[in-house]
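K.L.:
the following block contains a protein sequence and its predicted model.
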Amino acid sequence: MQALRLVLLITLLNWFASPFAVAEDGKLREQQREQFLSLEKQLNTLPVSKLPAIHKDIEDLANYPLVPYLKLRLAERTLGSLSDTTVNEFLARYAGTPLATHLRKRWLDLLSKQQRKAAFIEAYQPGLGTKYTCRYL
């Protein structure tokens, strides 16, 4: 009988607490959305020299589902100063996604412009389009 009461009490508490948990989750998601939009604006408007300063802010937002798009934009804006390793880590992490394809094309454009043939050949993947295939050959 005691076990039944305990189960009933826990069930009732969960039932009554659910709307509050959803409300808190909604507030958190709204705060994250606002922070995302602020960071997105900064990524598009700040001078490149100021962008590394917001890297921590992006990492603080790690649980927000659109954070990879902030990381992509940061990588795009700072591509000329990123190491090959950093770019390859991004490409590996987001492999098979439009994010990786987009950055890979920008990266290949930069490598081509810098006439870094060996790095271009290493970064190239088939299926990126005629422009990249011709440069690869």
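P.N.:
Good, I have the coordinates.
K.L.:
and the contacts of the helix or strand hosting Leu108?
P.N.:
Using DSSP states H and E, the element containing Leu108 is helix 98-113. For helix 98-113, contacts defined as C-beta atoms under 8 Å, 6 or more residues apart in numbering pick out 68-69, 72, 75-76, 79-80, 87, 90-91, 94, 119-120, 123-125, 128-129, 132, 135. Backbone N, C-alpha and C define where each C-beta goes, glycine included.
K.L.:
pLDDT of it, averaged?
P.N.:
Helix 98-113 shows a mean pLDDT of 98.
K.L.:
from the rest of the structure, what touches the helix or strand just after it?
P.N.:
Sequence-wise, the next helix or strand downstream of helix 98-113 (DSSP H and E) is helix 117-123. The list of residues contacting helix 117-123 from outside it, by C-beta under 8 Å, 6+ apart, reads 84, 87-88, 91, 104, 107-108, 111-112, 135-136.
K.L.:
show the buried residues in the contacts of helix 98-113.
P.N.:
68, 72, 75, 79, 87, 90-91, 94, 119-120, 123-124, 132, 135 (16 or more other C-beta atoms under 10 Å).
K.L.:
and the end-to-end length of stretch 105-125?
P.N.:
With C-alpha to C-alpha, to the nearest Å applied, stretch 105-125 spans 10 Å between its terminal residues.
K.L.:
can you list the buried residues in that stretch?
P.N.:
107-108, 110-112, 119-120, 123-124.
K.L.:
of those residues, closest to Leu46?
P.N.:
Distances from Leu46 to the buried residues of stretch 105-125, taken as C-beta to C-beta, are shortest for Leu110 (20.4 Å).
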